[in-house]
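**Q** how would this look folded up:
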Amino acid sequence: MSIDIPTAHRPARNDPPPPRRTVIAQSWRRSALSGVRPESTTLPDPVDVSSADPLLDAARPVLDEAAVRIADTDMSLLLVDHECRMVSRVTAGATIERILDDAGASSGVAFTESAVGTTALGTPAEIRRGVLVNGSEHYLDRFKQLSCFGQPIIHPATRRLAGSLCMTEVGDRANPLSIPFVTAIVNDIADRLLDRSRAHQRRVLDAFQRAAPRRDVAVAALGDDLQLTNALAADLLSPTDIGALRMVVADPSLHATSMRTTLTSGTAVEVLVEPVGGTRGAAVFHLRPTPATPTRSPAPVSAPGASVPPVRSTAITGEPGTGRSTEAHRVATDLADVAPVVVDVAETLLEGTPPDVPALLTQARSRGAALIVDGADLLDDRSLTLLRHVAARTSPTPLIVVTGPATQIGSGAAALLGQCGRRIELPPLRHRTAELAVIATSVITELAPGTELSSGAADALLSQEWPGNLTELVTALGDAVAASTTRGSRTVDLADLPERYRTTSRASRLAGREQAERQAIIDALDRNGHNKVHAARELGISRTTLYARIRALGI
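**A** Reported below is the predicted structural model:
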């Protein structure tokens, strides 16, 4: 399979061709889009990884035992946390030790795909399953002498990514025996994380039960995937407020303190924060509503014709399809009473007429309207410089710039974002799994009022990557609604979804060994044009066994 790498990162004529395996080709594409260059020799600066202590505490005994088993093999086990930062390295030979040192694999260095490209540490974290990365399949040239198998560590209680573990060796191809070996280690670490989570939750529950009998105080306790409230706190706190409290417990320097804040309901409260002893990232909150601060005289209302308070510029960032343009129009409507002046930079460039930024600014100013620059990251340096000057100044004319993710744009566009007084970042759909079922139901209701989404179809939607974000979701659901309508049903079932969206979360719940087996079958089918006879022959199994494993593994 070939991939379209941006010109700036396209391999030179003598470089090896792009990888054939789909999982690696997709990773290379993500790496290229993140701005990583294959010839790069610079790795991220090391950062403090003390927040990964719970993972390291759970992993250390398992890694110590594994170190004995790989002695004298010239292999290494690398452990990273949920942000792909190196937290442990177990090596069993001088050669691999030296090569890893030269490659920069040291504590605190981030190995995300967006930082170092395809590796058996960042790629498993990105795709949430195990992956083999043979030497030439690494995106950075500096890693191509190494071959690895990596597996994500999923916390059994929270189902969140806790980290990744990979076995690394010098050579063109990874040892296939590394798959069961790494999988067993990952499972042991996950078991120890679960034991610690249970102990953590018991401590949080005990602390809450000691505080909750107070009927005059709202009490909430937050811990590892645990949320407890008494009746007063349940009435007082919204999901947004709970999210704000979770940010407090996520602070590595969490300590007993008190603070004042205003809840989303407008209620001012005094909050006493008490960390739960013997845990990390858990606290009990005591909340007391406080009398509203007396206001001075109300702010005067501007009379017609009076000067309008200056409005700062707004930057809206996100992947294509996340609703950036819709959000820009919503912001513009909030800021001005007249329709905004809108320029779609991509469209104007395709038409061969680059946008005239000074003329657009003049037009917006004369109408008293907001100016939306959609696709500002495609502008030339002169236009970006001009917009930076506008964004840095207070003006009665709102400026709203829309770009791709901040990590994927050029320095000129990034500087423009830095000058904007307000930033709205729209997350990709794959990071909004908690909301996806609600979003899908809303889309279906809009397309066909009275139509529902079945649990099987919702499960399948939650299992997709959604590279096209909301745009892709709406298209898929439009086809599904049409299919359900054709068969006279008011429920969108799994079979109504386009075929490529029918994979359910059975695949995402597979154990590590099954994940590796599933990927091996998918790769064999890809290489053999989905001819099951040829794929079975390549895998060394019968057709009957292959069919059985395809059904069992949700392929």
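**Q** for G368, what are its contacts?
**A** A336, D337, V338, P396, T397 (CB atoms under 8 Å, 6 or more residues apart in numbering). (Each C-beta comes from the backbone N, C-alpha and C, glycine too.)
**Q** same check, this time on I439
**A** Contacts of I439 (CB under 8 Å, 6+ apart): L429, R432, L470, L473.
**Q** buried set for the host helix or strand of the third one?
**A** Secondary-structure assignment from DSSP states H and E places L470 in helix 469-486. Counting neighbours by 16 or more other CB atoms under 10 Å, one finds that the buried residues in helix 469-486 are N469, L470, E472, L473, V474, A476, L477, A480, V481, A483, S484.
**Q** identify the residues contacting stretch 255-265?
**A** With CB under 8 Å, 6+ apart, stretch 255-265 has contacts from 236-238, 240-241, 244, 268-275, 290.
**Q** of those, which is the nearest to E83?
**A** A244 (21.5 Å; CB to CB).
**Q** how much space separates K144 from T267?
**A** From K144 over to T267 the distance is 58 Å, taken as CB to CB, to the nearest Å.
**Q** I meant to write R280 there.
**A** Distance from R280 to T267, by CB to CB: 30 Å.
**Q** and A415, by the same measure?
**A** 40 Å.
**Q** next one: G117
**A** Applying CB to CB to G117 and T267 gives a distance of 48 Å.
**Q** who's more crowded, these two?
**A** G117 (26 against 15; other CB atoms under 10 Å).
**Q** what sits against that one?
**A** Counting by CB under 8 Å, 6+ apart, G117 has contacts S27, W28, S31, S34, V36, P38, H138, Y139, L140.
**Q** again with A336
**A** A336 neighbours (CB under 8 Å, 6+ apart): G368, A369, A370, P398.
**Q** and T261, its phi and psi?
**A** The phi/psi pair for T261 (degrees, to the nearest 10) reads phi -150, psi 170.
**Q** any idea how far it is from N469?
**A** 33 Å.
**Q** what of V533?
**A** 38 Å.
**Q** one more: T119?
**A** 26 Å.
**Q** likewise for A482?
**A** Taking CB to CB, one finds A482 at 21 Å from N469.
**Q** centroid-nearest residue for the protein?
**A** H431 (4.8 Å; CA atoms, centre = their mean).
**Q** for that one, give me phi and psi.
**A** phi -100, psi 10.
**Q** now T407
**A** Per degrees, to the nearest 10, the backbone of T407 is at phi -80, psi -10.
**Q** so who does it touch?
**A** T407 neighbours (CB under 8 Å, 6+ apart): S34, G35, S114.
**Q** and the buried ones among those residues, selectable in ChimeraX?
**A** Remark: buried members of these, expressed as a ChimeraX selection using 16+ other CB under 10 Å:
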select :34,35,114
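**Q** can you add pLDDT and give the contacts of T407 back as TSV?
**A** TSV is the format used below for those (pLDDT from 0 to 100):
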residue	pLDDT
S34	83
G35	86
S114	88
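**Q** T22: which of the contacts of T407 is nearest?
**A** S34 (18.8 Å).
**Q** any idea whether the closest residue to the closest one other than its chain neighbours is helix, strand or coil?
**A** Nearest residue to S34, sequence neighbours excluded (CB to CB, 6 or more residues apart in numbering): S114, at 3.9 Å. Following DSSP: H, G, I helix; E, B strand; the rest coil, the label given to S114 is helix.
**Q** S114 is in contact with A32, isn't it?
**A** No - applying CB atoms under 8 Å as the test, S114 and A32 come out as separate, 10.7 Å apart.
**Q** that older thread, give me the residues contacting the helix holding L470.
**A** Contacts of helix 469-486 (CB under 8 Å, 6+ apart): 318-323, 428-429, 436, 439-440, 443-444, 447-448, 451, 457, 461, 466, 468, 490-493, 495-498, 501.
**Q** how many other residues sit next to L349?
**A** 15.
**Q** and A332, by the same measure?
**A** Neighbours of A332 under the rule other CB under 10 Å: 21.
**Q** do V182 as well
**A** Around V182 there are 27 residues (other CB under 10 Å).
**Q** G375 and D344 touch, don't they?
**A** Yes - at 6.3 Å, G375 counts as touching D344 under the criterion of CB under 8 Å.
**Q** between those two, who's got more neighbours?
**A** The neighbour count for G375 versus D344, taken as other CB under 10 Å, is higher for G375 (22 against 17).
**Q** can you tell me, leaving aside adjacent residues, what's nearest to that one?
**A** Closest to G375 by CB to CB, 6+ apart is V345, at 3.6 Å.
**Q** show me what contacts the one you found?
**A** Here V345 is in contact with P355, V373, D374, G375, A376, L378, L379 (CB under 8 Å, 6+ apart).
**Q** perfect, I'm done here.
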